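Student: just a sequence and a predicted model for now, questions to come.
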Amino acid sequence: MAMNHRTSDPTVHRGIWLCYPCSALGCNQWFKNQSGLTQHHHAKHLFFPLPTPAPQVTPPTCHACLEPAEDHWGDALNETESRAQTPSTNDEFDSEFFGSGNPVFCNYHPILMGIPCGINAQPLPRSTPPQPPEPKSLDDWFPYSSQLGFELADFLYTQNQMPTDHINTLLDLWAASLVEAGGQPQPLFTCHKDLYSTIDRTCLGDYSQNLDEPAPWMQAQFDIWFRCPLETICNMLSNPDLTAQMDYRPYREYDSKSGKRRFQDFMSGDWAWDQADIIANDHPECKGSTFVPIILGSDKTTVSVATGQHDYYPLYLSIGNIHNNMHRPDHVRFGDHHYRWVVYGLGPYIADYEEQALLACIVRNWCTRCLAMRGNLDGDALNRQPFTNDFPRADIYSLLSPDILHQIIKGAFKDHLVEWVEKYLILKHGKKQVEKILDDIDRRIAAVALFPGLHRFPEGCHFKQWTGDDSKALMKVYLPAIEGHVPQAVVCTFCAFLEFCYLVHKSVITESDLDLINDSLDRFHHYCEVFKTTGHYHDLIKLFGAPNGLCSSITESKHIKAVKKPYRHMSHFKALGQMLIINQRLDKLASACTDFSAQGMLSSAAGVSALLNALVEHNRLKDGPRDTTNIDLECNTEEHVAEKSASHIDDPGDSEEVAGPHVEAHVLLARTPHELNQFRAKNIPTLAHEFSIPSLAHLLHPNDPHHPSKVPLLECPFYEGKISIFSSTSSTFYAPSDLCGTGGMRHEYIRAALNWRNEGPRNDCAFIITDPDQDGMWGMDITCIHCFFSFTFQQTVYCCALVWWFDRHGDCADEDTRMWVVKPSFTANHQRNLAVIHIDTIFRAAHLIPVYGTSDIPRGIHPNVLYDIFRSFYINRFADHHAFEIAF
């Protein structure tokens with residue numbers, strides 16, 4: 001709302017009265033209310049508020065000595081204070097806007113500000129560039145001989161995790177090939193011991209074992225494996241890969257339009273802010289420091305059952321500054337190469353209920369956060385003194401984090417709700433009739449359509465061994481399967497439960513989402529008492545931010561890399577020591593890779609890729625063009641054999657997390673067309689014959705600025721050239737609430753294949769953007785993809801899809817299931833309503849589940865015939881968390 005000139009009277013801009021001018025010298029902006037002026041003042045005329053004078057305290061003795069608070073931050077504060085026209089107070093915050101159009105702004109903590117320091121521990125003026133790292137020679141690959149040596153070590157030990165005897169065999173074959181070629185038998189490593197010793201000499205990622213005077217019990221004969229937690233944290237803080245994903249001070253995030261609070265990463269919660277307030281009040285010498293919350297997590301894991309019970313109790317450590325990821329300050333260098341004073345504090349503890357009960361010293365089935373009785377969870381709780389009472393700012397009962405996996409998915413859903421439905425059906429129909437109903441529910445679950453990343457249940461859901469993945473997969477398809485067999489009140493109960501699960505799993509939770517969470521609790525509260533155990537979630541979200549960053553599924557996933565894989569790739573003699581060494585070497589290789597990349601040394605000009613490309617080019621010039629027919633056919637017919645279990649993903653590669661910049665959606669055709677398949681269409685007429693669509697040519701209107709409905713059919717240009725058929729397209733989209741890569745990006749394939757896994761056609765559905773200005777399903781439509789194809793017209797390549805439209809049933813979602821209902825669209829002469837669209841209009845894959853009704857479905861229904869059998873479908877907004885956020 002800024003004006004081009006400044007006057008002393010209120011100004012009208014686009015019909016809005018601007019009555020509040022900015023008083024800063026040289027600033028000509030006006031605002032319609034005091035709130036806008038305050039936000040502008042915080043964002044454009046920054047200052048650091050000065051604390052009230054505090055009594056003199058004795059500085060710490062075992063760290064670099066701090067100056068008194070008034071002088072310690074003098075230069076940094078004076079520079080920013082000069083920008084403010086009015087005296088600063090502790091009630092004013094340093095603010096900053098983010099995003100295109102400034103949709104979000106943050107208020108930062110005014111005392112623990114994370115001000116950068118120099119190597120001499122003195123604060124730096126704002127905008128001072130960091131001290132560059134020490135220069136390193138581009139050929140200094142110590143302790144590796146070259147880039148090729150490092151990449152080989154990383155491949156053998158990290159990526160392939162090759163056993164020692166296989167490494168020795170590979171290196172012997174390598175040496176023999178060098179002798180055969182007339183060279184010296186000098187491979188990069190002589191044997192596995194040479195490889196391991198080279199990795200062990202890597203300085204980066206190492207941890208010294210600087211133990212103080214050992215306690216008496218340490219004099220006994222034990223194998224002590226020690227990793228200094230302080231050095232571990234310092235290594236995380238100094239990792240340059242985490243610089244863009246790290247918060248240096250607590251903040252409160254708001255939506256610029258509504259002014260409502262947003263809870264996302266850990267430092268956006270109230271707990272970090274309150275801890276900073278406590279530290280600032282109790283220890284004023286910490287002013288300007290960075291608060292580093294230490295997040296711990298533990299979970300018992302079993303690595304061997306058949307050969308004896310071998311249990312391990314790993315303890316995982318992270319810091320709350322990483323995005324969903326002591327009294328005296330310490331001087332630490334961060335990944336942006338700035339030094340900062342840091343204050344450590346014990347933060348949330350990630351654990352499942354069994355671990356939480358152990359930590360809280362409570363009886364099983366009690367609440368770990370309060371002592372409310374099981375029969376009256378809303379009643380008053382008893383007071384108790386935690387065993388961490390003598391630790392600074394560490395109440396174990398308030399630090400136990402919410403656990404979505406065990407409390408909600410495995411607990412409320414698997415252990416209660418599914419059994420509750422079966423018990424209800426037994427009471428209602430008797431055991432004999434219930435078996436038929438449960439068989440029909442199993443058939444419904446087994447018949448759902450394929451979807452990227454969705455686990456399928458070929459035999460239904462009646463199996464004995466449940467896993468966390470089975471529970472999460474069944475949640476996505478269970479609601480439509482039971483509808484018709486249970487009262488609508490039960491359907492509403494499950495809908496409320498699912499909405500609660502998906503709301504608390506969002507990567508960003510706003511105050512409006514908190515209202516929706518409370519609403520789902522209220523709707524469910526009438527039906528199920530066990531759901532009251534999630535009543536703490538509202539408060540925990542406000543304390544710790546979005547709970548998906550503190551779920552025990554994080555520690556369970558770490559078990560695979562830190563415990564189970566190392567255990568399987570070693571001899572089991574003194575297994576603990578071997579596992580720790582393996583993890584140490586993996587850390588060294590990862591740290592070395594980060595350092596070499598930061599120095600610009602890991603370029604493709606001298607690595608394995610460059611050598612392989614040179615070898616391919618040499619062979620091409622020597623032997624001529626290579627026949628790739630068999631290779632392409634082999635790639636197209638590759639079969640993915642899934643591990644036999646109750647549920648499985650049809651193709652694990654259909655959906656995966658990817659690293660990349662933040663974009664809402666980007667769609668690309670597959671790299672290889674079906675040109676080698678002689679039975680696929682080569683032009684529009686043969687494509688029309690292949691799909692039995694005589695009017696296909698009339699659906700194609702390339703390079704025409706007019707709307708197709710306003711152009712007479714006879715005047716439309718016809719294309720008779722060559723086309724290329726593709727069986728899939730890839731969609732990359734922003735999905736931070738699901739498993740995603742750097743930047744919150746996720747990647748999936750949308751299939752349109754004539755014969756998928758030799759089981760018939762597969763035609764996925766997709767969300768099509770039809771009105772970008774509308775939110776949710778009001779701006780999207782659903783289509784079933786018949787095929788993807790491309791053609792070139794007037795030197796322009798067009799990437800298209802032949803689709804079958806689905807019509808929305810009604811103007812809103814179904815009241816009971818909260819899912820939209822769609823029906824296949826037909827023309828006036830009862831033909832499928834088909835269209836040719838550009839793939840740029842495709843958002844991502846959509847998952848449809850039939851509205852089964854009250855009738856039993858026959859056995860043997862295959863997912864590839866669902867759209868021909870059923871006449872209405874739910875848009876499954878519970879297929880994943882991204883679908884839940886867009887299909888409203």
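Tutor: Noted; the coordinates are in hand.
Student: the longest helix in the protein is where?
Tutor: In the chain, with assignment by DSSP state H, the single longest helix is helix 418-446.
Student: what's the average pLDDT for that helix?
Tutor: When pLDDT is averaged along helix 418-446, the result is 87.
Student: pull up the pairing partners for the helix or strand just after that helix, direction included.
Tutor: Note on helix 418-446: by DSSP states H and E, the next helix or strand toward the C-terminus is strand 455-456. Partner strands and pairing direction for strand 455-456 (DSSP bridges) are strand 648-649 (antiparallel).
Student: any idea of the mean pLDDT for the partner strand?
Tutor: For strand 648-649, the mean pLDDT works out to 58.
Student: and Leu802, which of the three is it?
Tutor: With DSSP: H, G, I helix; E, B strand; the rest coil as the basis, the three-state label of Leu802 is strand.
Student: just confirm it contacts Thr783, I think it does.
Tutor: No - checked against Cβ atoms under 8 Å, the pair Leu802 and Thr783 is beyond contact range at 9.6 Å. For the C-beta atoms, the positions are set from N, CA and C on the backbone; glycine is no exception.
Student: quick one: the longest helix of the chain to chain centroid distance?
Tutor: The offset between the C-alpha centroid of helix 418-446 and the centroid of the whole chain comes to 36 Å, using Cα atoms, centre = their mean, to the nearest Å.
Student: show me what it packs onto, helices and strands only.
Tutor: Using 3 or more Cβ pairs under 8 Å, 6 or more residues apart in numbering; DSSP states H and E as the contact definition, the elements that helix 418-446 packs against are helix 468-482.
Student: follow-up on the earlier one: give me the buried positions along the longest helix of the chain.
Tutor: 418, 420-421, 425-426, 434, 437-438, 440-446 (16 or more other Cβ atoms under 10 Å).
Student: circling back: shared neighbours, Leu802 and Thr783?
Tutor: Here Leu802 and Thr783 share the contacting residues Ala835, scored by Cβ atoms under 8 Å, 6 or more residues apart in numbering.
Student: which of these two has more neighbours?
Tutor: When Leu802 and Thr783 are compared on other Cβ atoms under 10 Å, the one with more neighbours turns out to be Thr783, at 26 against 23.
Student: name whatever forms a beta bridge with the residue lying closest to that one once chain neighbours are set aside.
Tutor: Excluding the flanking residues, the one nearest Thr783 by Cβ to Cβ, 6 or more residues apart in numbering is Val803, at 3.8 Å. Legend: beta-bridge partners of Val803 under DSSP bridges are Ile785, Ala835.
Student: got it, and the one 4 residues further on?
Tutor: Beta bridges link Asp807 to Lys823 when assigned by DSSP bridges.
Student: which ones are touching it?
Tutor: By Cβ under 8 Å, 6+ apart, the contact set of Asp807 is 822-825.
Student: pretty sure Cys106 contacts Arg249?
Tutor: No - the pair Cys106 and Arg249 fails to qualify as a contact (Cβ under 8 Å) at a distance of 9.7 Å.
Student: where exactly do the helices run in the stretch 301-450 of the chain?
Tutor: Secondary structure of the stretch 301-450 of the chain (DSSP state H, counting those that start in this stretch): helices located at 353-360, 396-399, 418-446.
Student: and those: which comes nearest Leu543?
Tutor: Shortest distance between Leu543 and the helices of the stretch 301-450 of the chain, using Cβ to Cβ, is found for helix 396-399: 7.8 Å.
Student: by contact count, what packs against the closest one?
Tutor: Here helix 396-399 touches strand 339-350, helix 353-360, going by 3+ Cβ pairs under 8 Å, 6+ apart.
Student: pretty sure Phe873 sits against Leu848.
Tutor: Yes - in this structure Phe873 lies within contact range of Leu848 using Cβ under 8 Å: 4.0 Å.
Student: overlap in contacts, the two.
Tutor: For the pair Phe873 and Leu848, residues contacting each of them under the criterion Cβ under 8 Å, 6+ apart are 806, 822, 866-867.
Student: what stretches of the stretch 51-200 of the chain score poorly on pLDDT?
Tutor: When residues are selected by pLDDT under 70, those of the stretch 51-200 of the chain lie in 51-93, 99.
Student: and the strands in it?
Tutor: With DSSP state E, counting those that start in this stretch as the criterion, the stretch 51-200 of the chain has strands at 94-98, 104-108.
Student: winner for burial among the ones you listed?
Tutor: Here the criterion is mean neighbour count by mean count of other Cβ atoms under 10 Å, and of these the winner is strand 104-108, at a mean of 20.
Student: angle of that one against strand 94-98?
Tutor: Taking axes from the mean of the first three to the mean of the last three Cα atoms, to 10 degrees, strand 104-108 and strand 94-98 form an angle of 160 degrees between their directions.
Student: which helices and strands does strand 104-108 pack with?
Tutor: Packing partners of strand 104-108 (3+ Cβ pairs under 8 Å, 6+ apart): helix 34-44, strand 94-98, strand 251-255.
Student: go through those and find the least confident stretch.
Tutor: Out of the helices and strands packed on strand 104-108, the stretch the model trusts least by mean pLDDT is helix 34-44, with a mean of 58.
Student: now for this protein, the helix or strand with the poorest mean pLDDT.
Tutor: Ranked by mean pLDDT, DSSP states H and E, the weakest helix or strand in the chain is helix 629-636, scoring a mean of 33.
Student: how much space separates Cys228 from Gly347?
Tutor: Taking Cβ to Cβ, to the nearest Å as the criterion, Cys228 is separated from Gly347 by 19 Å.
Student: nope, Tyr157 is what I was after
Tutor: For Tyr157, the distance to Gly347 equals 32 Å [Cβ to Cβ].
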